[in-house]
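Q: Any chance you could fold what I've pasted below:
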Amino acid sequence: MGEVKSAWALEAGHAARRAAARRPSDASARARQPLSAFPELDCVRHLLPIGTLAAAEARARALGVGAEQVLIAGGSISEDSYVAALARSLGLPFEPLDRLPRAACALDDARLIEAAAAGLLPVQRADGPAFVVAPRHDAARRLTLLRRLNALPDRLALTSSARLRQFVERHATRAITHKAAEELRCTRPDLCAARGEPRALRWALIGAGLAAAMWLAPAATQTTVGAALALVFLAWIALRLIGFLTPKEAPRRAPALADDRLPTYTIIVALYREAAVVEGLVAALDALDYPREKLDIKLVLESDDLATRAAIAALDLGPPYEVVMAPRGDPRTKPKALNAALLFARGAFTAVYDAEDRPEPDQLRRALERFRQEPELACVQARLSIYNAADDWLTRLFAAEYCGLFDVFLPALAACRLPFPLGGSSNHFRTAVLRAIGGWDPYNVTEDADLGVRLARFGHRMGVIASTTFEEAPVGVAAWLWQRTRWFKGWMQTWIVHMRAPVSLARELPLSAFLAFQLTVGGTVVAALVHPLFLAALIHAAATGQPVLGAADDATAVALAGLHGLSCLAGYLVTTALCLLGLSRRRLLAHAWALALLPVLWLLLSLAAWCAVFELVRDPYRWNKTEHGCAKSPRRAHA
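A: Below is the predicted model:
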């Protein structure tokens, strides 16, 4: 786009010189006209009440934005109506773009997407090249001032940002689909979960080696494998102990950042079969303590989700909301939808929410304050809490897990500068960094976990902020199992992807970060898979006095049984303590009785992990949709 902007600037200079030579008297007359403080409003002063204009000017002065943005964001005038009025006042055509053929723009599809981001579209008319401009930021003011000086280029047309984006969506569908679904696989196939070169031989050799070892030395092999798994489990437990070493962050008042210094903030929400919750989502986003003029909210919809599309249409949303259609085709995942919206993101920072989320109003400001304090941070994770914990025993356990994870464990990892799997919601990114590392992996069904590791591999840090987003836990065992199966499958994908080249991973991460990744991602999966085996071995040994696993002698069998028993007991105790600490910090200890059912939860986790193994083989990119709007007690938990 650099040469396009340069051509526009060159054309503007030529036009200014031609106009000055052609109409010196007009230029002098216009220069003598009194200039208003907000010339961008001159084109609509005859259309709107004086009080509305005065209020817009006052707010624009306080926010440091164009006054027309205040009018548009406040619903006083539509963007189309304003841009059409601006075009008339400037003597320029308004280009609706709905009948402009694709051949009129010589840019290839990839550059066409960049044009939408820049708000500048070069086109070829019958009388020569011209530019279609979607005025943003202070462009309307600058164009008005150029017109006063008779320095306005005469080969311009104006359009709205929404019309420009829709034009690009219509005519660059293939490029949008490629960038959303395939760009990471094409640019960094080593970091994408899409199937690349066949790896069946490697797994076959590993399986053959284990089978041979079991055949030749069954007792020694079983003992070695059992001991190794128990040690991994104990290391996984030990890592969680650092949560107790990090004190609770002291509550602080929301940072008072000046509104005129706030940057544009993009919010992306991917929606699929969410008609029941969109009204609550919009209410929560409207309640954010952030100027609407500086918000860029993308609601990403699927073309066949007619119910959600109708629910959004019924709300009649104006700026800052934009509806983006997710590209058709496989993989049909949330990260692909997020990538499609990222192409059109205008904010310097980007946040991701889920349909059922209810973020605290000051969350964006808290994230910005953290980014300002620590410039090396590329991402901050807000804390997640469950608002329907009282529904049943499983939602209570879900709430306890979230308290232990987001209020105790993740803050501790962040304080130790260790990488951690991001939550699937309330992630706040520097947009430039997010684009530089390739966005989300559309083939990974737990894209948040993968992105946390990828940020660390590219040398970026993550943090946790003391702001909460309230979420809905799945209601019922079937819904819970459906969701957890997807989570485990994504963690398996993440571990496999980043361990394709373990030497490279070890070089790109510090040793502590490398080990933390092995335990937080790989260890979580292994712990869930082996837990029922350890539990069954212990029960069998207690009932019969004989170990299930073979051993070279009785002493080895007793030591191995003790190691398994220690790992199970330590796992229960440390997890319970971590959840209790989190519940205490949330003042939700009334739900602590559900932790007595932790052994049942762990067996369910093991079931989900084994289901994920089979699904990873049979249908690796299937996205198990979690149904929202099913909560029985939809009230907020106490923060």
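Q: Now the residue nearest to S426 when sequence neighbours are not counted: which helix or strand?
A: If the residues on either side of it in the chain are set aside, S426 comes closest to A382, at 3.7 Å by Cβ to Cβ, 6 or more residues apart in numbering. Quick note: C-beta positions are derived from backbone N, CA and C, even for glycine. Per DSSP states H and E, A382 falls inside strand 377-386.
Q: helices and strands around that strand, which ones?
A: helix 363-373, helix 393-404, strand 427-430, helix 431-436, helix 447-457, strand 461-471 (3 or more Cβ pairs under 8 Å, 6 or more residues apart in numbering; DSSP states H and E).
Q: To A414, which of those lies closest?
A: Put simply, out of the helices and strands packed on strand 377-386 the one that sits nearest A414 is strand 461-471, at 4.7 Å, with distance taken as Cβ to Cβ.
Q: list the helices and strands the closest one packs on?
A: Applying 3+ Cβ pairs under 8 Å, 6+ apart, we find strand 461-471 packed against strand 358-359, helix 363-373, strand 377-386, helix 410-415, helix 447-457.
Q: what ranges of this structure fall below the confidence cut-off?
A: Under the criterion pLDDT under 70, the flagged ranges of the chain are 1-35, 196-223, 250-256, 545-554, 556-557, 633-639.
Q: can you pull out the strands in it?
A: In the chain, the strands defined using DSSP state E lie at 120-125, 128-133, 156-158, 265-270, 295-301, 321-325, 349-353, 358-359, 377-386, 427-430, 461-471.
Q: Can you add mean neighbour count and distance to D392 and give those strands back as TSV?
A: Converted to TSV, these look like this (neighbours: other Cβ atoms under 10 Å; distance: least, Cβ to Cβ, whole Å):
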stretch	mean neighbour count	distance to D392
strand 120-125	18	54
strand 128-133	18	56
strand 156-158	22	56
strand 265-270	25	27
strand 295-301	23	31
strand 321-325	19	35
strand 349-353	25	25
strand 358-359	22	20
strand 377-386	24	12
strand 427-430	24	28
strand 461-471	22	16
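Q: Let me know whether W487 touches T446 as I believe.
A: Yes - using Cβ atoms under 8 Å, W487 is in contact with T446, at 5.5 Å.
Q: So which of those two has more stuff around it?
A: Legend: neighbour count by other Cβ atoms under 10 Å for W487 and T446, higher for T446 (25 against 22).
Q: OK, contacts around the more buried one?
A: Residues counted as contacts of T446 (Cβ atoms under 8 Å, 6 or more residues apart in numbering) are 421, 424, 486-487, 489-491, 493-494.
Q: go again using 7 Å as the cut-off
A: Contacts were defined as Cβ atoms under 7 Å, 6 or more residues apart in numbering; by that measure T446 touches 486-487, 490-491, 494.
Q: and what of A355?
A: If you count contacts by Cβ under 7 Å, 6+ apart, A355 has them with 269, 271, 274, 277-278, 281, 628.
Q: One more pass at 10 Å, please.
A: For A355, the set of contacting residues under the criterion of Cβ atoms under 10 Å, 6 or more residues apart in numbering consists of 269-278, 280-281, 299, 308, 425, 472, 626, 628-629.
Q: The spatially closest residue to it that is not a sequence neighbour: neighbour count?
A: Taking Cβ to Cβ, 6+ apart as the measure, A355 lies nearest to E274, with 4.0 Å between them; neighbours along the chain are not counted. Using other Cβ under 10 Å, the number of residues around E274 comes to 24.
Q: So for W487 and T446, which residues contact both of them?
A: Each of 421, 424, 612 lies in contact with both W487 and T446 under the rule Cβ under 10 Å, 6+ apart.
Q: ok, back up a step: and the contacts of A355, which of them are in helices?
A: The subset of the contacts of A355 located in helices under the criterion DSSP state H comprises 278, 280-281, 308.
Q: Going through the residues you listed, which ones are buried?
A: 278, 280-281, 308 (16 or more other Cβ atoms under 10 Å).
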